[in-house]
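S.K.: Quick one: sequence and predicted model below, then my questions.
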Amino acid sequence: DAKTTQPPSMDCAEGRAANLPCNHSTISGNEYVYWYRQIHSQGPQYIIHGLKNNETNEMASLIITEDRKSSTLILPHATLRDTAVYYCIVRVGSTNAGKSTFGDGTTLTVKP
Amino acid sequence: DTGVSQDPRHKITKRGQNVTFRCDPISEHNRLYWYRQTLGQGPEFLTYFQNEAQLEKSRLLSDRFSAERPKGSFSTLEIQRTEQGDSAMYLCASSFSAQGSYEQYFGPGTRLTVT
């Protein structure tokens, strides 16, 4: 699985959009980008995934650059409950089979 | 749907003792994963089952570690002759192999402290 690079920490004001970047310059054509988050003392939680098109669900939006070497997770209106560690993962295929290789993630702190 | 459950939530043991953790996946899920997470780092993959078959094992899974899923439902992870370096959070995840199914659902983890 390709390696990802994320900033170690970011702050965001409550109610504003949080934009979390991820670099995956060695991504292969059959690898998808997945985002998970981990709130303190809980297991990771799936947020969203995509291949090359931008994706949106009830939690977030995922913007993938045309060359697929980087992506941005957008939380449109961050709340205090969004304070967590966010992990960007690349994994072969669009199914849940196989391992996920986590990096150290970005600690997002949403401030009042 | 009660989610993935893990037991115990916390375990303190002395170096050299054996410990066993249990994971109960979401009932219809046929895939089950074990990960280990140390403080300040992301989870590291240990092993993966589809039904009762263990399909992949990480090099992190030394011969002191063994995982089983005998009936394709719950799983156990045993660590023999524990070492202080085994202190970590052990996470279990499960998923269902169906078209369009892409989430891995994680449990709350078992925190192991080896003294």
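M.R.: Nice, I can see it.
S.K.: Mind listing the residues bridging to the residue nearest to the spatial centre of chain B?
M.R.: The centroid of chain B falls nearest to B:Trp34 when counting by CA atoms, centre = their mean (3.2 Å). B:Trp34 has these beta-bridge partners by DSSP bridges: B:Thr47, B:Cys92.
S.K.: was I right about it contacting B:Pro43?
M.R.: No: contact criterion CB atoms under 8 Å: B:Trp34 and B:Pro43 do not qualify, at 9.7 Å. Every C-beta, even on glycine, is put in place using the N, C-alpha and C of the backbone.
S.K.: now the strands: where do they sit in chain A?
M.R.: Counting by DSSP state E, chain A has strands at residues A:9-13, A:18-23, A:31-38, A:45-50, A:55-56, A:61-64, A:70-75, A:84-92, A:106-111.
S.K.: can I get those in JSON lines with mean neighbour count?
M.R.: Formatted as JSON lines, these follow (neighbours: other CB atoms under 10 Å in any protein chain shown):
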{"stretch": "strand A:9-13", "mean neighbour count": "14"}
{"stretch": "strand A:18-23", "mean neighbour count": "20"}
{"stretch": "strand A:31-38", "mean neighbour count": "23"}
{"stretch": "strand A:45-50", "mean neighbour count": "19"}
{"stretch": "strand A:55-56", "mean neighbour count": "15"}
{"stretch": "strand A:61-64", "mean neighbour count": "19"}
{"stretch": "strand A:70-75", "mean neighbour count": "20"}
{"stretch": "strand A:84-92", "mean neighbour count": "22"}
{"stretch": "strand A:106-111", "mean neighbour count": "17"}
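S.K.: Quick check: which of those is nearest to chain B?
M.R.: Closest of the strands of chain A to chain B is strand A:45-50, at 4.3 Å (criterion: CB to the nearest CB).
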